[in-house]
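>>> Requesting a structural model of the entry that follows:
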Amino acid sequence: MKELLAAIWKLNFLGEKATPERIIREMRCRERNLRKRLGELLEDGLLEKEGKAYRLTDMGRKKLSIVAAGGVFDILHPGHVFFLEKAKEKGDMLVVIVARDSTVTRRKRIPIVPEEQRLEMVKALKPVDVAVLGEVGDIYATVEKIKPDIIAIGPNQTHREDEIKEELKRRSLRCEVVRIREYRECKLPSTRSILQRIIELNFPDQRLEKK
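The predicted structure is shown next:
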């Protein structure tokens, strides 16, 4: 049931019509029992129908636990994947908010990889159900749209849990804030370490050296 509800929620969130045909493509399943299952969820009050499209009711939405996680994801590395895997374990669906170039530049540094490319790479990661770009100027605006049950923070992210909880309360958003404590050990565990390694190697191009 949750897999079907999750597929419909995703289509609803992305602004797509959750018709049986579109749900089949999203779930990559056969139609055999889908219409029957949709009918049962409709009768149970978990779905409502408008034309041929389905939408989760408040009762249906409460059956899902949605996790939101955010970050820059500039030059993907194993630490990113590990964090998202752990975040996904906290609920049924993982929605990842990819920081805008303007936000990264203002708060951290100029990103190496542009926002659209970072978004494309995050979407391709196995733990990720939905990935979206954050809002310009208001990092909580996207959270308001998602209305997650849980917000997951990475071990190295500088966000303070108490500040996040206070802002969520101010916006009447009820969700748990969880810090992922586990850390993925590897040779280059961060974007900063990768950039430092590139600088140390001085961008050698063996193809040019052979000429």
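>>> Nearest residue to the residue nearest in space to the middle of the chain in space, please, no chain neighbours.
The residue at the geometric middle of the chain, judged as the C-alpha nearest the mean C-alpha position with CA atoms, centre = their mean, is Val96 (1.7 Å). Leaving aside its chain neighbours, Val96 sits nearest to Ala131 (4.5 Å; criterion: CB to CB, 6 or more residues apart in numbering). Placement of C-beta: from N, CA and C, glycine included.
>>> Would you mind pulling up the elements that the helix or strand where the one you found lies packs against?
With elements delineated by DSSP states H and E, Ala131 resides in strand 130-133, which encompasses its position. If you count contacts as 3 or more CB pairs under 8 Å, 6 or more residues apart in numbering; DSSP states H and E, strand 130-133 packs onto strand 93-98, helix 115-123.
>>> swap the cut-off to 10 Å and go again
In terms of contacts (3 or more CB pairs under 10 Å, 6 or more residues apart in numbering; DSSP states H and E), strand 130-133 is packed against helix 2-13, strand 66-71, strand 93-98, helix 115-123, helix 141-146.
>>> buried ones in that strand?
Residues of strand 130-133 classed as buried: 130-133 (neighbour count, 16 or more other CB atoms under 10 Å).
>>> for stretch 63-75, same thing?
Residues of stretch 63-75 classed as buried by neighbour count (16+ other CB under 10 Å): 63-64, 66-75.
>>> Closest to Gln157 out of the residues you listed?
Gly71 (6.9 Å; CB to CB).
>>> does the residue nearest to Val96 really touch Glu115, like I thought?
No - counting by CB atoms under 10 Å, Ala131 sits too far from Glu115 to count as a contact (11.3 Å).
>>> Give me the common contacts of those two.
Residues touching both Ala131 and Glu115 (CB atoms under 10 Å, 6 or more residues apart in numbering): 73, 98.
>>> Show me the helices in the protein, by range?
Secondary structure of the chain by DSSP state H: the helices cover 2-13, 20-27, 34-43, 58-61, 78-88, 101-107, 115-123, 141-146, 161-170, 191-201, 206-210.
>>> Residue ranges in the protein under the pLDDT threshold?
Within the chain, the stretches with pLDDT under 70 are 203-211.
>>> Pull the number of nearby residues for Asn33.
By the measure other CB atoms under 10 Å, the count of residues near Asn33 is 10.
>>> ok so, going back, so which of the helices of the chain is nearest Arg184?
helix 78-88 (3.5 Å).
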